[in-house]
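S.K.: sequence unknown, structure follows:
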């Protein structure tokens, strides 16, 4: 199985079946373009349409059987009722794997859908073809030059992602990329009629390219094997799991989404807790925990110093940290004394949280504050925070945000404790733009950025807990 | 007291003390500009600086005593040690109220700070002058043409806001304005050495301009009176309360922020629960609940229909709704049948949540789906949701977002149940811009917009609960 998947992630040739020039049937084209753009050898990409012709500078072949030379990988968007014939053709051609964007199988809950899926699996098994899906986006693998979205980066990274949902795979990759994460492999596996979540998880746990595994799962057909593999994987590397469908309504929803048997919520709760995986509750939290794992050393304890600007923001930051299971020890007198040599007492807070108003005017003062506080041996981790409207009279001050990010980057190279930067209170599109720019600068320098202190604290707390149990 | 505050919100003349042309002392200017821009009568705005001269086209007076004619309201940014003399001058001039941006009083925790504040109060009380602050931003009141930020709207609205934190008052007003909320009065009251949170709450509860009260409070010096007034206020109109400093660290933080005695967290929990106020846990949630109260009728029950695009997003939406205390009843067969007449079964979900893939291509189909589902008598409220990357191959499709918003607006006028729109999964600045534009269109048409289904569900659930207890 591991060998099968290696071949699927690194195919020598690809066909996209169902490429049409009809704008109301755009999916074939839309799956073809990202592969072309990823730098896959153009000579080995084969659009398929019975009408033949040419598209995007490539010759269109009437059938997979007409493709010259060997064909490893087939992606299809054609109607579910036509897929059995396609699978026969793929068997005849010696195709290694077929990924089906096509929906209309078991997830519909109809007898016809179930039968179509069963027939597909039967033909594939007999003919030695593996299936991804159906009802999925398929594979994004930069090193194999496979992609299913034109805006996914071509450079590879360290995060592996498997997702029962196609929509979630778009959003998670985009949101993670935005935060500096790059992927080894991302697989949207849909109904999982052949290659399933457990196979993929097992593969990623052995994949040397993958340092962190992220999983969106709605259900599994073999819970015993899934949790055995998950426990093994979590011993090898961090595995972050989002289980979709944990409430009664949510569980019913997964049945109509990917036809999966979700199992009881209590069952999942207990097994996930024992598995050693890091559990999260939405995709944004999954990004946050991945950012912490990739960009921070694990803190040695739960004591945090919170340094930022704004009294109300500092109070909220503190509540959020302590609710997430971190603690803010009251600042020692000598540390406080060192700060008071250059920060005016008026308008500031010095007990931890530290509201160093000076920072609003002077990034160097902000950096100095961080260095002094980080030198205190009671502190395991520093969270620095900056509002998008940090200079309250000048909202969306991108320049200030950028200078403060510079100060955090400088500090991260000078202190021996993990540091996270929270850029929060984003209101306008302009403010968001400023945060994105400062954030890019940070992650390029290896400093993790979160969009609230609470999110940073929760991710760091889960990171610490994971490290503890190792 | 109510009369005193009336006069403070509608002063006939204003002086800003500490106006300097030195760019390192910008605060006087920065507090002067928003008042000038708000349309306050220029003839009655008096910048004060011992050096005299002219600023922003206005004559600068050496002292408040030199101001010609009556002076109602004074805002000051000068050093704390100089404020006692200023207060003496204000008494001599017959000023009605002084708002102190100046910090360096009791919040520092020093003996000097406490004494300076006590002296100020003594002079003011003896001389009949009221104090806002110190350590605060003061008053934003569009009808009185007072403001402390150049970008706050000049039009008035229905939300009253009182905030112990100045920074929070900037962020909350901006975040709320962005979502279509306008304010009757917003007061950043800081240390509350004279006029305090309870006085302001009592005033807003009687203020005919104010329909919804929002409160950020860290502590109170008179808990018995605060909770009595809060209970009365919550009977008169909805009061949303964010209590800052609920954890051990957070409670310590409030002491250094505004010098307030926070009281035990358990005490606040119990009293807030009994008060009839709506409790929230951060400023974004306060905006969400205010949006629900202002833009939605309260639903008659907790049964929600969730209609949107994307299987994974629908599963997450369902889990988030049920965790927030709403329920998704499984769709009745006849409703399902009506949908199947125009939505292809393949790739859709029909049980509630409803993933009407047709909507991705056809806003009219989306609107029709909403109308049919809303006609079902088991449903109390509809949450429609749209991802910023709704057409997954075209991220940040602002046009599509706008058309879907149009469909939701159209439906809101045709159905007899409350509807909320969630625009979620925003990654880029361009995506954020598209959401802001569609959101503006929605709130101008009276349709509430939230930034995730979970946030919508939580706000609606609290709105319902508030309505139930009335």
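M.R.: Good, I have the coordinates. Because the structure is a prediction, the values reported are computed rather than measured.

S.K.: show me the contacts for residue A:134.
M.R.: Taking CB atoms under 8 Å, 6 or more residues apart in numbering or on different chains as the contact definition, residue A:134 lies against A:80, A:83, A:100-105, A:117, A:120, A:190-191, A:193. Heads up, the C-betas are built off the backbone N, CA and C, glycines and all.

S.K.: Sorry, wrong one. I was asking about residue A:313.
M.R.: Residue A:313 touches A:355, A:385, A:387, A:424-425, A:453, B:165, B:167-168, B:171, counting by CB under 8 Å, 6+ apart.

S.K.: Enumerate the positions of the strand or helix carrying residue A:435 that are buried.
M.R.: Following DSSP states H and E, one finds residue A:435 within helix A:429-444. Residues of helix A:429-444 classed as buried by neighbour count (16 or more other CB atoms under 10 Å in any protein chain shown): A:429-436, A:438-439, A:441-443.

S.K.: Return the list of helices and strands in contact with it.
M.R.: Applying 3 or more CB pairs under 8 Å, 6 or more residues apart in numbering or on different chains; DSSP states H and E, one finds that helix A:429-444 contacts helix A:398-414, strand A:419-424, strand A:449-450, helix B:429-444.

S.K.: Quick one: residues in contact with the first one.
M.R.: What that stands for is helix A:398-414. A:359-360, A:363-364, A:366-367, A:370-371, A:374, A:382, A:384, A:386, A:388, A:390-391, A:394, A:419, A:421, A:423, A:430, A:433-435, A:437-439, A:441-442, A:445-447.

S.K.: Counting neighbours, which of those end up buried?
M.R.: Of the contacts of helix A:398-414, these count as buried by 16+ other CB under 10 Å: A:359-360, A:363, A:366-367, A:370-371, A:374, A:382, A:384, A:386, A:388, A:390-391, A:419, A:421, A:423, A:430, A:433-435, A:438-439, A:441-442, A:445, A:447.

S.K.: Report the mean confidence score over stretch A:20-29.
M.R.: Mean pLDDT, stretch A:20-29: 81.

S.K.: Mind listing what's buried along it?
M.R.: A:20, A:26-29.

S.K.: same check, this time on stretch A:109-125
M.R.: Under 16+ other CB under 10 Å, the buried positions of stretch A:109-125 are A:113, A:116-117, A:120-121, A:123-124.

S.K.: Also stretch A:268-283?
M.R.: A:268, A:271-272, A:275-283.

S.K.: now, which of the residues you listed sits nearest residue A:201?
M.R.: residue A:277 (9.9 Å; CB to CB).

S.K.: Touching, the closest one and residue A:234? I think so.
M.R.: Yes: under the criterion of CB atoms under 8 Å, residue A:277 makes contact with residue A:234 at 4.9 Å.

S.K.: Restricted to helices, list the contacts of residue A:134.
M.R.: A:83, A:117, A:120 (DSSP state H).

S.K.: Please report how far the second one lies from residue A:470.
M.R.: Distance, residue A:117 to residue A:470, using CB to CB, to the nearest Å: 40 Å.

S.K.: now residue A:165
M.R.: Residue A:165 is 29 Å from residue A:470, by CB to CB.

S.K.: Leaving out the residues flanking it, which one is nearest to whichever residue of the stretch 151-300 of chain A sits closest to chain B?
M.R.: In the stretch 151-300 of chain A, the residue that lies nearest chain B is residue A:165 (2.8 Å; CB to the nearest CB). Take residue A:165 and drop its neighbours on the chain: the residue closest to it by CB to CB, 6 or more residues apart in numbering or on different chains is residue B:312, 2.8 Å away.

S.K.: tell me the mean pLDDT over the helix or strand containing the one you found?
M.R.: Using DSSP H and E, residue B:312 sits within helix B:311-323. The average pLDDT for helix B:311-323 rounds to 94.

S.K.: how about the residue of the stretch 251-400 of chain A at minimum distance from chain B, what does it touch?
M.R.: Nearest residue of the stretch 251-400 of chain A to chain B: residue A:312, at 2.7 Å (CB to the nearest CB). Counting by CB under 8 Å, 6+ apart, residue A:312 touches B:163-168, B:171, B:216, B:244, B:257.

S.K.: Give me the distance between the two termini of stretch A:404-424.
M.R.: 13 Å (CA to CA, to the nearest Å).

S.K.: got the buried residues for it?
M.R.: Neighbour-count burial for stretch A:404-424, counted by 16+ other CB under 10 Å, picks out A:404-412, A:415, A:417-424.

S.K.: which residues touch the residue nearest to residue A:417 when sequence neighbours are not counted?
M.R.: Excluding the flanking residues, the one nearest residue A:417 by CB to CB, 6+ apart is residue A:374, at 5.1 Å. Applying CB under 8 Å, 6+ apart, we find residue A:374 in contact with A:305, A:382, A:411, A:415-417, A:419.

S.K.: One more: residue A:238?
M.R.: A:212-213, A:278, A:293, A:466.
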